[in-house]
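Undergrad: Here is a sequence with its predicted model. Questions after.
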Amino acid sequence: MERYLHIEKINLKYNIPLHILISMFLLLVSPLLLGVANLEARDTAKVLEMYAALIGIVLLPPVFLPEQDHDIRELVYTKYVNGAEVYLVRFFGNMLLLAVLLGLYVAMLAHNGCEFPAVRYFFGTLAEMLFMGSLGLFFYGLCDNLVIGYMAPIVYYIAAIGGGEKWLKMFYPFSMVRGNYGEKVWLALGAAVLAGAGIWFRCRRRA
């Protein structure tokens, strides 16, 4: 356990601070960009699904970022033997950060008089965050390129906005706006598969 805490401590100190600040900035400026007071459930879902969920793209793909330096990559595999452990600790640590930031944002919406099922919307939005972030993580692990890791979920997001419900089906990210929740279960399952596959690909790429 001490080793895992040390991994997360290093992650918080050196790897993820800028990404946390960007995520916080995106959430803090939302009142200036969107109406976030006295919203009905449908409009609240739109804010959460189409705006707040974007921080999943910011926080999850950088799980592999330190190992862009090949010397650090060799050190990780030499020191920890199983690089997957390092990536999983970072992934779950970043996932916890997402949950905390989202929880604070949901609390802010409720405080501002928005009417919505808070717990249901929290988990639905978190599922979308994890799916988009894990999609980026998968392509980063597959291609060893952070830019591609960011571009893949952005393309997915744009496709969804551009009428992707017909093609994305159960992986359509904006289902709560339509009053549906079943797609969120698929997004959560998809996130688990994508994250696992991304870490597997990354562990195979030791050179």
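TA: Ah, there it is. Numbering: from 1, shown residues only.

Undergrad: can you give me the helices in this structure?
TA: Taking DSSP state H as the criterion, the chain carries its helices at 2-10, 17-28, 30-33, 41-50, 55-59, 70-80, 83-111, 118-143, 146-161, 165-168, 182-204.

Undergrad: wait, which of those is closest to S175?
TA: Each of those has some distance to S175 by C-beta to C-beta; the shortest is helix 182-204, at 3.9 Å. Quick note: C-beta positions are derived from backbone N, CA and C, even for glycine.

Undergrad: got a list of contacts for that closest one?
TA: By C-beta atoms under 8 Å, 6 or more residues apart in numbering, the residues outside helix 182-204 that reach it are 60, 63-64, 67, 83-84, 87-88, 91, 123-124, 127-128, 130-131, 133-135, 137-142, 144, 170-173, 175-176.

Undergrad: Restricted to buried residues, select these in ChimeraX.
TA: In ChimeraX, this line selects whichever of those come out buried by 16 or more other C-beta atoms under 10 Å:
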select :60,63,64,67,83,87,88,91,123,124,127,128,130,131,133,134,135,137,138,139,140,141,142,144,171,172,173,175,176
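
Undergrad: and the residue nearest to the spatial centre of the chain, how far is that from L168?
TA: Among the residues of the chain, the one closest to the centroid is G56, at 2.4 Å (C-alpha atoms, centre = their mean). G56 sits 16 Å away from L168 when distances are taken as C-beta to C-beta, to the nearest Å.

Undergrad: likewise I57?
TA: In this structure, I57 and L168 are 16 Å apart, going by C-beta to C-beta.

Undergrad: The two: who's more crowded?
TA: Neighbours per residue, other C-beta atoms under 10 Å: of I57 and L168, the larger number sits with I57, 22 against 17.

Undergrad: Not counting residues beside it along the chain, what's closest to the more buried one?
TA: P153 (4.8 Å; C-beta to C-beta, 6 or more residues apart in numbering).

Undergrad: neighbours of that neighbour, just the number please.
TA: By other C-beta under 10 Å, 26 other residues sit near P153.

Undergrad: So for it, what pLDDT did the model give?
TA: For P153, the model assigns a pLDDT of 96.

Undergrad: Tell me who's in contact with it.
TA: By C-beta under 8 Å, 6+ apart, the residues touching P153 are G56, I57, P61, M132, G133, L135, G136.

Undergrad: Could you tell me the least trusted of the helices of the chain?
TA: Looking at those, the weakest mean confidence is helix 70-80, a mean of 58.

Undergrad: hang on, the earlier thing: do I have it right that the residue nearest to the centre of the chain meets M129?
TA: Yes - if you go by C-beta atoms under 8 Å, G56 and M129 touch, sitting 3.1 Å apart.

Undergrad: Common neighbours of the two, please.
TA: L98.

Undergrad: M1 versus the residue nearest to I57, what's the distance?
TA: Distance from P153 to M1, by C-beta to C-beta: 32 Å.
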